[in-house]
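Asks: pasting the structure only:
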């Protein structure tokens, strides 16, 4: 009887350890910190901002480099947004599907511009937006608690840095 009790106790303790370890592992992978939640929302807005502004640039830009950059932003940020939506779906979180209010207003103003004035306004906004995105993604890389989101930030941060360098280069040619 004593052997049986010891065996049952050992099995129960082993089961409790497995459950606890599984629960701890799930907390690391499935619970989102405030920083992680903010990152999802802000990264989604950033992607939407770039897609919408890029679409406007493909139609309104007079400089071919600006037009090409706009098309590239649509492609790159559509891919990043789709990946983010897939990640967010793991937690039943819906991400914004539109630019933030500030960028909606900025695009309304840009719609009224044309030629070189549009090109410079668009590229200047791209330099600023990508600086902000770099800071956002770097913050997630350094302080994010969810491994999947940190990996997303690590994956896309080099793209954003490249976008910023491209925008800087175009800015220096057209200003």
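Replies: Sure thing, it's come through. Just so it is clear, the model here is predicted, and its values are computed rather than measured.

Asks: tell me where this protein has helices.
Replies: Remark: helices assigned in the chain by DSSP state H are 2-30, 34-60, 64-89, 101-111, 115-143, 147-174.

Asks: closest to residue 95 out of these?
Replies: For residue 95, the closest of those is helix 34-60, at 3.8 Å, according to C-beta to C-beta. No exception for glycine: its C-beta is placed from N, CA and C like everyone else's.

Asks: list the buried ones in that closest one?
Replies: 36, 39-40, 42-54, 56-58, 60 (16 or more other C-beta atoms under 10 Å).

Asks: by contact count, what packs against that helix?
Replies: The contact analysis (3 or more C-beta pairs under 8 Å, 6 or more residues apart in numbering; DSSP states H and E) places helix 34-60 against helix 64-89, helix 101-111, helix 115-143, helix 147-174.

Asks: out of those helices, nearest to residue 31?
Replies: Nearest to residue 31 among these is helix 147-174 (11.4 Å), distances taken as C-beta to C-beta.

Asks: on that earlier part again, how about the helices and strands packed on helix 34-60 in TSV, adding mean neighbour count, mean pLDDT and distance to residue 32?
Replies: Below are the helices and strands packed on helix 34-60 laid out as TSV (neighbours: other C-beta atoms under 10 Å; pLDDT from 0 to 100; distance: least, C-beta to C-beta, whole Å):
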stretch	mean neighbour count	mean pLDDT	distance to residue 32
helix 64-89	17	98	9
helix 101-111	14	94	24
helix 115-143	18	98	11
helix 147-174	17	98	8
